[in-house]
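Asker: Sequence first, predicted coordinates after that:
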Amino acid sequence: MGNLKVSIKNEFKYLMNRADNLSLRRRRYFGKYSFKQPFDKLFILGSGLTINELTESQFNHINQYSSVAVNFFMVHPFRPNFYFIEISRNHEDREMYFHNLSLRSDFDQIDKFYCFRKEDDGLDERLTDLFDPARLYSYSLLKMGNYGRRFNYQKLLSKYYHTKFNNRFFTPQDYFDRVLNNVSSIERLCQFGLQGGAKEIIFCGVDLNKTDCFYDSADFIPYLDFKIPYRRYKDKKVHTTNDKSEVNFTVEEFLISLTELVDTKFYVSSANSKLSNFMPVYDFGENEQ
């Protein structure tokens, strides 16, 4: 990991040093849009088993700040401020996903970002049937000019962007995607937090050292008629995105490099997460004071 880590850190530094040279180009392209920074502190909510360690008072604390969730977290009764929709290529999983989303009528009140591939035609129409289009955004890569060879640019863009620019959150740059061979949900949510101006990011239910999810627990009882996904990888010891046999650059390596390179402070909610090996555990009690 040593040589790879040095290489990645050097790449990060190069990209971030070059960023200032692109500021004028970004302003010209994105200046017509309305920007906002919706959070200083962001809780990233994964589906790991340690979600079950959070108490009601701790969820109340999270609710005082901004939070973003992804994938099958929607079967948890907590409602985040933002939600990322990533659709599986597996037909059964996809239908299960849409079924579960259809039960979350309260999600209509939050901003949702969907990440589709070009071959996923028609999925955005299914989402607009479920939710208010004004709360749905496409999260897509955008390359501009010659810089596209070296940089990827990301924007969060309303489906009806020609008429709905007011109070939208756009992101003109992405410094990290190029060095990752496997784009994970956590990597994407980190980008979202950093590009939104978060000074603190707290990971909840992001374990990496195990594949069990909070809904795999015998104590978990769905509060709606949710369909719980089958655990295809339940026999794996680590999450797929943190398995060196599956990816060239693991999520753990990405997060370690990121914590050393940006000013944002990173925390993890549980000492039982592998992230606690290189991140401090967030003190809910101290932050309540």
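Answerer: Received it, and whenever you're ready, just let me know what you need.
Asker: give me the low-pLDDT residue ranges for the chain?
Answerer: Across the chain, the ranges flagged by pLDDT under 70 are 1-38, 116-121, 139-184, 195-196, 230-250, 288-289.
Asker: Strands along that one, start to end?
Answerer: Using DSSP state E, the strands found in the chain span residues 41-45, 66-70, 82-86, 111-115, 136-142, 153-158, 200-204, 265-268.
Asker: got a list of contacts for the third one?
Answerer: Outside strand 82-86, the residues within contact range by Cβ atoms under 8 Å, 6 or more residues apart in numbering are 66-71, 73-74, 101, 107, 110-115, 127, 139, 185, 188-189, 192. Bear in mind the C-beta positions are built from the backbone N, C-alpha and C, glycine included.
Asker: that older thread, dump the strands of the chain to CSV, plus distance to Pro229 and mean neighbour count.
Answerer: Formatted as CSV, those follow (distance: least, Cβ to Cβ, whole Å; neighbours: other Cβ atoms under 10 Å):
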stretch, distance to Pro229, mean neighbour count
strand 41-45, 17, 26
strand 66-70, 14, 24
strand 82-86, 13, 22
strand 111-115, 18, 20
strand 136-142, 22, 17
strand 153-158, 27, 21
strand 200-204, 19, 25
strand 265-268, 24, 20
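Asker: Any chance of those strands in CSV with distance to Cys213 as columns?
Answerer: Formatted as CSV, those follow (distance: least, Cβ to Cβ, whole Å):
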stretch, distance to Cys213
strand 41-45, 12
strand 66-70, 12
strand 82-86, 15
strand 111-115, 20
strand 136-142, 23
strand 153-158, 27
strand 200-204, 13
strand 265-268, 17
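Asker: Do you have the helices of the stretch 1-150 of the chain handy? List them.
Answerer: Using DSSP state H, counting those that start in this stretch, the helices of the stretch 1-150 of the chain run over residues 2-18, 23-30, 56-62, 91-103, 123-130.
Asker: what helices or strands is the shortest one leaning on?
Answerer: Based on contacts counted as 3 or more Cβ pairs under 8 Å, 6 or more residues apart in numbering; DSSP states H and E, the elements that helix 56-62 packs against are helix 284-288.
Asker: do the last one as well
Answerer: When contacts are defined as 3+ Cβ pairs under 8 Å, 6+ apart, helix 123-130 sits against helix 91-103, strand 111-115, strand 136-142.
Asker: Tell me which of those lies nearest to Phe203.
Answerer: Among those, the nearest to Phe203 by Cβ to Cβ is strand 111-115 (18.5 Å).
Asker: Report the angle between that closest one and helix 91-103.
Answerer: Interaxial angle, strand 111-115 versus helix 91-103 (axes from the mean of the first three to the mean of the last three Cα atoms, to 10 degrees): 170 degrees.
Asker: partners of strand 111-115, with directions?
Answerer: Applying DSSP bridges, strand 111-115 is found paired with strand 82-86 (parallel), strand 136-142 (parallel).
Asker: Any chance you could list what contacts that strand?
Answerer: 81-87, 123-124, 127, 131, 135-140, 156, 169, 188, 192.
Asker: Alright, I will stop here.
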